[in-house]
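[1] just the structure for this:
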Amino acid sequence: MKLYNKLIDKLSNNFIGKIFKMRRLQYILFAIIFFVSIFSVLTLNLKPEKFDLALGQRAPADIYSPKDIEDRWATQKLRDEASESVELIYSYDTGVHIEVKREIESFFHLVYEIRNDEELTQEEKMSVLQEENHLNLEIENLDVALATSLEKVNYLETYIYEIIAQSMNAGIKVEDLQSEKSNIKEYILLLEDFNPQLQDLAIAVTQATIRPNMFFDIEATEQLRRQAVESVERIMIKKGDVILKEGNIATFDRLELLRELAILTDDSKVDVMLYLGIAAIVLVLQLLLLAYIYVFNKEIFNQIDKLYLIFIIMFGTLIIANGLANISIYLMPVAVSAMLLAILIEPRIALLVNLCLTILISIITGNDIIFITMAIVGGIAGVFTVVNMQQRATIFVSGAVVSLANIITIIGIGFIHSNEVVNVLMFGFYGVLNGLICSILTVGTLPLWEHIFRVVTPLKLVELFNPNQPLLKKLLIEAPGTYHHSIIVGNLSESAADAVGGNSLLARVGAFYHDIGKIKRPYFFKENQLTSENPHENITPSLSSLIITGHVKDGIELGKKHKLPPEVMDFIHQHHGDTLVAYFYHKAKNSENGENIDEQSFRYSGPKPCTKETAIVMLADSVEAAVRSISSPSKDKIEKLIHKIVQEKLEDGQLDECNLTLKELEIIKKTFVKVMQGIFHERIEYPDNDIKELKGRKAYGTSS
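    You can find the predicted model right below:
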C-alpha cells in the first residue's frame with residue numbers, strides 16, 4: 001500500500017511538473033512565433049535586391065544603396081591627396097651659419113697674420129698660407145689674398161660676410177646647395193667694386209665654406225600629414241543614393257562597394273549587421289511590450305490567448321501596411337491595431353502597440369517624419385474615440401476623427417518642410433483614406449476577434465442586453481416577474497458600479513442574466529406565481545432548498561447552451577456565493593427531524609463573488625427583494641435595511657474574495673438608497689427580527 005501511494009505521488013508530481021513545463025513552453029513558443037514573424041516581415045522588406053554584375057559590365061539598372069555606407073575608395077583618394085599636399089617641413093640650424101662665419105674669419109685672420117710677419121719672405125708667406133689654410137684654396141687665390149692691398153682684402157671680407165649672411169639667413173636646403181652656390185657666384189661676378197682676381201677669391205671662399213643650414217624634419221612632416229588625413233571627412237553614400245547608374249561600367253571600387261553591401265548574386269556574403277539590427281529592434285520591442293503587460297496588466301499576461309490576439313493584430317497590420325505601401329506610405333493603417341486593441345483588450349496597451357508598430361513600419365519606410373507623426377497622432381486619436389464605445393456604427397465616427405488627425409498632421413508638418421503644396425495636399429488625401437480604411441477594417445474584423453477569442457467588448461455587452469436576445473426573450477415570456485426583477489437589479493448594479501469605478505456596463509448585463517436559471521422552474525419563485533397557490537407548500541424544505549439553489553446550476557447550463565461569455569457566466573455562478581437559504585433552513589430546523597439537519601445542505605454551492613461587479617450584483621439582488629417588501633417605505637427604513645443587508649453579507653464572508661473596500665461599500669449603499677427611492681413599489685413587509693431569513697423568504701414568497 002505504501003509503495004502504491006508513493007507511486008501515485010510520484011506520478012502526480014511528474015504530471016504537475018509537466019503541466020508547469022507545458023505552460024512555460026506556451027510562453028516560449030509564443031515568444032518565438034512573435035519574434036520570427038515580425039523579424040521575417042522586416043527582413044523581407046529591408047533585404048536589398050541582388051544584381052548579377054561583373055568587372056567591366058554595364059549596370060542593368062540604377063543601383064541604389066540599401067543603407068548608409070562609407071565609400072572607402074573615394075575617401076582614401078581624398079586622404080592621399082591631402083597627404084601629398086602637405087609641404088615638407090625643414091628645421092633651421094643657426095649653428096651652421098656661425099661655423100661658416102668662423103671658418104671665413106679664421107682664413108682672413110691667417111692672411112693678415114702672415115702678411116704682417118716681416119721676417120718671412122714672400123715665398124715663405126705663400127708656403128705657410130698654403131699649408132695652414134683649411135679652405136684648400138688654389139695658389140692663385142692665395143696669391144691674390146697676399147698681394148692685394150689690405151684695404152681691398154678687408155672690404156672683400158666684409159662683403160663675403162654679407163653675401164653669406166643673406167643666403168644662410170634665408171635658409172639653404174641640401175637639395176638647393178648647388179643652386180645657391182651658382183647664384184652666389186653669379187652675384188659676385190656682377191660686382192663692379194672688385195677686379196676679376198678678387199671676384200675669384202670671393203667665389204672660392206664662399207664655395208668652400210657655404211653649406212646647408214635647413215634640414216628635412218621627418219617627424220613634423222609626418223605629423224602634419226596625419227593631421228591633414230584626419231581632417232578629411234569620410235565620403236558617405238546615404239541610403240537611397242545611386243551607386244551605379246544604368247549603363248555605367250562597373251569598376252573595381254564600385255564592385256567592391258556592392259560586394260560590401262552584399263547585393264551581388266555571385267557573392268555568398270551575408271549582411272550580418274542588417275540581420276543583427278533587425279533582430280535587436282524586434283527583440284527590444286517584444287520585451288518592452290511583454291514587460292509592460294506583465295507589470296501593468298498581469299491578468300492579460302496570464303491569458304495566452306489574449307497575447308496571441310495582440311500578436312495577430314500587430315502582424316496583420318504589418319502585412320496590410322506592407323501591401324498598401326506600394327501606393328503610398330500614408331495609406332498604411334497603423335491606427336487600426338490601436339482601435340481594435342482598445343476595444344478588445346485595454347486602451348493603454350493599444351497605445352503602446354501603436355507606438356511599437358509605428359517604429360517597425362517607420363524602419364521599413366525610411367523613417368519618414370511625416371508618417372511617424374501621423375501614425376502616432378492618428379493611433380492616439382483612434383484609441384481615445386473608441387473607449388467605452390457602445391455602437392458599432394460609432395466606429396466610423398472614430399475613423400473620421402483619425403482621418404482629421406491624419407490630414408492636419410500631414411499638412412502641418414508638410415508645410416513646415418516643403419513648399420510643394422500639391423504634393424502635401426495629395427498626402428493629406430491619403431491620410432483621409434487611411435482613417436476610412438482603419439474604420440472599415442475595425443468594423444469588419446471586430447466580430448471575428450470577438451468570436452474566435454471570446455472577448456467581451458462594450459459593443460458585445462450592448463448586444464447582450466438587447467431585449468431581442470433569445471435568452472432575455474425567453475426570460476420575459478416564461479418568467480416575467482424574474483425579468484422585471486433583473487431589470488431593477490441591473491439599474492441598481494449599473495449605478496453602483498459606476499460610482500465605485502467598476503465596469504457599469506458589465507454589471508448591468510450580468511444582472512440581466514444572473515437569474516436565467518429560473519426559466520426552468522419559474523413558478524417555484526414567488527415573483528412568477530400568478531395565483532395564490534405556492535408549490536413549496538406541498539414539498540419538504542430540503543427539496544425546496546434544492547430547487548431554489550438549483551436555479552444557479554440551471555442558469556449555467558442555459559448560459560453555456562446560448563454561448564454566453566465567461567464574464568457574464570460569472571454573474572450566474574457567483575451572485576449567491578455560498579449563502580444560506582435561511583427561510584427553508586429554519587423551517588427544516590423547526591420540523592420533527594430538525595436536529596439532524598445539516599446547514600451545509602441548505603447553502604448555495606458558490607463560489608463567492610470574485611470581482612467588484614459580481615459582488616455588486618449579489619448585493620443589488622438582495623437589496624431589491626428586501627426593500628420592495630417594505631410597507632410604507634421611507635428613506636430611513638430603506639437606509640437601515642440596506643445597511644443591514646450589506647453588513648450581513650460582509651459578516652457572512654460573502655465579500656471576502658472580491659476587491660471591494662469598506663469605503664466603496666459605503667458608496668454602494670448610498671447609491672442603492674438613491675436608486676431604490678425612485679423604483680420601489682409597495683410589497684408585504686418582512687419581519688425585522690431576522691434579516692438572515694430575507695433570502696429564504698425571497699425564494700419562497702418574493703423574487704430571488
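[2] residues near residue 646, how many?
    Using other Cβ atoms under 10 Å, residue 646 has 19 neighbouring residues. C-beta: built from backbone N, CA, C; applies to glycine.
[3] likewise for residue 616?
    Using other Cβ under 10 Å, residue 616 has 35 other residues around it.
[4] quick one: it is in a helix?
    Yes. Checked against DSSP: H, G, I helix; E, B strand; the rest coil, residue 616 lies within a helix.
[5] look up how far residue 133 lies from it.
    The gap separating residue 616 from residue 133 is 127 Å, by Cβ to Cβ, to the nearest Å.
[6] tell me the helices in the stretch 1-150 of the chain, going along the chain?
    Remark: helices assigned in the stretch 1-150 of the chain by DSSP state H, counting those that start in this stretch are 2-46, 72-84, 94-116, 122-132, 139-147, 150-170.
[7] of all those, which one is nearest residue 350?
    With Cβ to Cβ as the criterion, residue 350 lies closest to helix 2-46 of those, at 17.2 Å.
[8] avg pLDDT for the closest one?
    Averaging pLDDT along helix 2-46 gives 72.
[9] tell me the contacts of residue 490?
    465, 507, 508, 509, 511, 512 (Cβ atoms under 8 Å, 6 or more residues apart in numbering).
[10] any chance of the helices of the stretch 1-150 of the chain in a markdown table, plus mean neighbour count?
    Listed next are the helices of the stretch 1-150 of the chain as a markdown table, based on neighbours: other Cβ atoms under 10 Å:
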| stretch | mean neighbour count |
| --- | --- |
| helix 2-46 | 12 |
| helix 72-84 | 14 |
| helix 94-116 | 15 |
| helix 122-132 | 13 |
| helix 139-147 | 17 |
| helix 150-170 | 15 |
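[11] among those, which is nearest residue 253?
    Nearest to residue 253, of the helices of the stretch 1-150 of the chain and by Cβ to Cβ, is helix 72-84 at 3.8 Å.
[12] which other helices and strands does the closest one contact?
    Contacts defined by 3 or more Cβ pairs under 8 Å, 6 or more residues apart in numbering; DSSP states H and E place helix 72-84 against helix 218-230, helix 252-260.
[13] can you lay out the helices of the stretch 1-150 of the chain as JSON lines showing distance to residue 590?
    Converted to JSON lines, these look like this (distance: least, Cβ to Cβ, whole Å):
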{"stretch": "helix 2-46", "distance to residue 590": "46"}
{"stretch": "helix 72-84", "distance to residue 590": "101"}
{"stretch": "helix 94-116", "distance to residue 590": "132"}
{"stretch": "helix 122-132", "distance to residue 590": "157"}
{"stretch": "helix 139-147", "distance to residue 590": "159"}
{"stretch": "helix 150-170", "distance to residue 590": "136"}
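[14] so which residues of the chain form strands?
    63-64, 69-70, 90-92, 214-216, 236-237, 242-244 (DSSP state E).
[15] for residue 584, find the nearest of the ones you listed.
    With Cβ to Cβ as the yardstick, what comes closest out of the strands of the chain is strand 63-64 (84.2 Å).
[16] any idea how far the closest one is from the chain center?
    Computed by Cα atoms, centre = their mean, to the nearest Å, the chain-centroid distance of strand 63-64 equals 30 Å.
[17] avg pLDDT for it?
    What strand 63-64 shows for mean pLDDT is 78.
[18] next, count neighbours for the nearest residue to residue 389 once chain neighbours are set aside.
    The shortest distance from residue 389 to any residue other than its chain neighbours is 6.1 Å, reached at residue 458 (Cβ to Cβ, 6 or more residues apart in numbering). Neighbour count for residue 458, taken as other Cβ under 10 Å: 18.
[19] doesn't residue 343 make contact with residue 458?
    Yes. Residue 458 is within contact range of residue 343, at 7.2 Å (criterion: Cβ atoms under 8 Å).
[20] now do the shared contacts for those two.
    residue 389.
[21] which one of the helices of the stretch 1-150 of the chain lies closest to residue 577?
    Comparison of the helices of the stretch 1-150 of the chain against residue 577 by Cβ to Cβ identifies helix 2-46 as nearest, at 29.0 Å.
[22] any low-confidence regions in the stretch 51-200 of the chain?
    Within the stretch 51-200 of the chain, not a single segment meets pLDDT under 70.
[23] same thing but 90
    Scanning the stretch 51-200 of the chain for pLDDT under 90 picks out 51-98, 103-104, 106-161, 163-177, 180-181, 183-200.
[24] rewinding a little: for residue 77, which of the strands of the chain is the nearest?
    Among those, strand 69-70 sits nearest to residue 77 (Cβ to Cβ), with 12.7 Å.
[25] neighbouring contacts of the closest one?
    Applying Cβ under 8 Å, 6+ apart, the external contacts of strand 69-70 come out as 234, 235, 236, 237, 257, 260, 261.
[26] what's around the last one, how many residues?
    Same thing as residue 261. Residue 261 is flanked by 21 other residues according to other Cβ under 10 Å.
[27] and the first one, by the same measure?
    Residues near residue 234, counting by other Cβ under 10 Å, number 11.
[28] show me the contacts for the closest residue to residue 564 other than its chain neighbours.
    Excluding its sequence neighbours, the residue lying closest to residue 564 (Cβ to Cβ, 6+ apart) is residue 513, at 6.5 Å. The contact partners of residue 513, taken as Cβ under 8 Å, 6+ apart, are 464, 471, 472, 486, 555, 559, 564, 568, 571, 572.
[29] redo those as CSV? Include pLDDT, distance to residue 148 and neighbour count.
    Shown next, in CSV, are these (pLDDT from 0 to 100; distance: Cβ to Cβ, whole Å; neighbours: other Cβ atoms under 10 Å):
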residue, pLDDT, distance to residue 148, neighbour count
464, 89, 134, 22
471, 92, 142, 19
472, 92, 142, 20
486, 92, 143, 29
555, 91, 143, 25
559, 92, 139, 22
564, 91, 136, 24
568, 93, 134, 22
571, 94, 136, 30
572, 94, 139, 27
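[30] export these to JSON lines and tack on distance to residue 541?
    Converted to JSON lines, those look like this (distance: Cβ to Cβ, whole Å):
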{"residue": "464", "distance to residue 541": "36"}
{"residue": "471", "distance to residue 541": "31"}
{"residue": "472", "distance to residue 541": "32"}
{"residue": "486", "distance to residue 541": "26"}
{"residue": "555", "distance to residue 541": "22"}
{"residue": "559", "distance to residue 541": "28"}
{"residue": "564", "distance to residue 541": "32"}
{"residue": "568", "distance to residue 541": "32"}
{"residue": "571", "distance to residue 541": "27"}
{"residue": "572", "distance to residue 541": "24"}
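[31] show me which of those residues is closest to residue 98.
    Once Cβ to Cβ is applied, the member of the contacts of residue 513 that ends up nearest residue 98 is residue 568, at 110.3 Å.
[32] that closest one against residue 510, yeah?
    Yes. With contact defined as Cβ under 8 Å, residue 568 reaches residue 510; the gap is 5.7 Å.
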